[in-house]
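Trainee: Just the structure for this:
(one chain, ligands or ions: 2)
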Amino acid sequence: METILVTGGSGFIGTNFIKFVMENHPRWAVVNLDALTYAGNPENHRELERDDRYTFVQGNIADAGLLEKLFAAHRFSGVFHFAAETHVDRSITGPEVFLNTNIIGTFKLLEASLAHVRSVPDAPFRFLHVSTDEVYGSLGFKDPAFTETTPYDPSSPYSASKASSDHFVKAFHRTYGLDVVVTNCSNNYGPYQFPEKLIPLVILNILDNKPLPVYGKGENIRDWLYVKDHCDALVRVFLKGTSGGTYNIGGGEEKNNLAVVRAICDLVDKRTGRKSSSRELISYVQDRPGHDLRYAIDCAKAERSVGFKAQYSFEQALAATIDWYLDHMDWVRSVQTGAYRKWIETQYTTRGVK
Ligand code: NAD
Ligand code: DAU
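Mentor: Ligands and ions are numbered 1, 2, ... in the order given. The predicted structure follows:
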């Protein structure tokens, strides 16, 4: 049995990833290190409470003392680093925490990993850094998709902090020989996503009969990746990727925001038997400053070298995601705390939602 460290394992992708590992990789035990910010929910893993393969540690990735103790106690054979501040709009209103977690936190984790490798040089170890396509900046409608060699050109404090962390991860490989792999993926969706992000926000606003806020004209394009496909890709890159390598991961499903919102409206209406079309709730609001027009992912390298290919279509997985939210309203209400309501109110009042 090997033990892997998963940071941010109580957030959206980390939660799905731990469930994926518990089901599909019985030789891995998991230590989940999560600070439980507003985005982390320990209840997501309630079913694992008595499982010997799972340990939860509440703590900050920037806490060097804690990292040292965890590495000494568990002798991790790998790190899957998800922990981050992740919401672009929050990075615009309060960027500092993005630097502290995404840059300093990643740096501390790299230092702890390097110290560990130096103390047990013959033991297997790999650091997988989960990054984003946003580091590449914005594409025009007709530009070719991002490849692994597209120059970095981040627009928001969030993407700038992720770009910085990517550079540190690669620098630790080139300078100290740390075994790292970096993945840059597109917009994930699926179960357990915090309802500040577009897809769950729209689903829940329809159920509450609230306006569906579309930034600008709704013409911005994202590539949508079902979270289960992403988890599969991460394990493949960890097991088969080349040390020091970067791998783009995408769903091959480019859609503009208006099309995504309309698709959600139609699926929710069908599933709930709503009488009037929820498309009537669509409300165009003030655009996000520095809003990237389009992201598109060329993941030919991941297909070729680690055998990754997204298995879920957008239509199929969006319907499954909607079903999950409708079937887990207790989870939804438990994360819609006072702090959540305050964020939504401030964010959308400023943007001009009636
Ligand atoms: P999330 O916001 O849902 O969860 C982040 C988790 O990290 C939370 O559980 C939170 O408590 C934890 N965390 C935050 N700061 C921490 C700290 N200092 N120490 C320990 N834990 C901390 O995020 P997500 O959407 O699951 O994203 C996970 C990773 O994937 C991030 O690195 C993000 O940049 C990257 N990513 C996400 C997407 C996406 O569409 N969601 C796409 C591309 C890349
Ligand atoms: O591309 C990967 C990135 O995807 C990740 O790195 C980020 O962590 C993740 O949050 C996501 O970033 P986006 O900014 O693309 O996701 P978000 O769900 O916030 O917005 C998706 C699109 O929808 C974007 O063009 C902005 C728009 N939008 C968003 C919200 C919340 C709206 O039109 N209205 C909204 O209310």
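Trainee: alpha carbons only for contacts and neighbour counts from here, please
Mentor: Will do.
Trainee: residue contacts, the residue nearest to Leu204 when sequence neighbours are not counted?
Mentor: In space, and not counting its chain neighbours, Leu204 is closest to Pro195: 7.6 Å by C-alpha to C-alpha, 6 or more residues apart in numbering. Counting by C-alpha atoms under 8 Å, 6 or more residues apart in numbering, Pro195 touches 201, 204, 332.
Trainee: try Leu201
Mentor: Leu201 neighbours (C-alpha under 8 Å, 6+ apart): Pro195.
Trainee: Is it correct that it falls within a helix?
Mentor: Yes: remark: Leu201 belongs to a helix, assigned using DSSP: H, G, I helix; E, B strand; the rest coil.
Trainee: thinking again about what came up before, out of the contacts of Pro195, which is nearest to Glu2?
Mentor: Val332 (34.0 Å; C-alpha to C-alpha).
Trainee: And the residue in the chain sticking out farthest from the centre, what's its pLDDT?
Mentor: The C-alpha centroid of the chain is most remote from Lys275, which lies 34.5 Å away (C-alpha atoms, centre = their mean). Looking at Lys275, its pLDDT stands at 94.
Trainee: Just give the closest residue to it, not the sequence neighbours.
Mentor: Asp269 (7.7 Å).
Trainee: Just the CA trace of the helix or strand harbouring the one you found, in PDB.
Mentor: Element membership for Asp269, per DSSP states H and E: helix 257-272. Below are the C-alpha coordinates for helix 257-272, written out as PDB (Å, rounded to 0.1, in the frame of the first residue of the first chain):
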ATOM      1  CA  ASN A 257     -22.100  30.900 -21.900                       C
ATOM      2  CA  LEU A 258     -25.500  31.700 -23.200                       C
ATOM      3  CA  ALA A 259     -25.700  28.300 -24.800                       C
ATOM      4  CA  VAL A 260     -24.700  26.700 -21.500                       C
ATOM      5  CA  VAL A 261     -27.300  28.600 -19.500                       C
ATOM      6  CA  ARG A 262     -30.100  27.800 -22.100                       C
ATOM      7  CA  ALA A 263     -29.200  24.100 -22.000                       C
ATOM      8  CA  ILE A 264     -29.400  24.100 -18.200                       C
ATOM      9  CA  CYS A 265     -32.800  25.900 -18.300                       C
ATOM     10  CA  ASP A 266     -34.300  23.300 -20.700                       C
ATOM     11  CA  LEU A 267     -32.900  20.300 -18.800                       C
ATOM     12  CA  VAL A 268     -34.100  21.600 -15.400                       C
ATOM     13  CA  ASP A 269     -37.500  22.500 -16.800                       C
ATOM     14  CA  LYS A 270     -37.900  19.000 -18.200                       C
ATOM     15  CA  ARG A 271     -36.800  17.400 -15.000                       C
ATOM     16  CA  THR A 272     -38.900  19.500 -12.700                       C
END
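Trainee: That one - what's its average pLDDT?
Mentor: 98.
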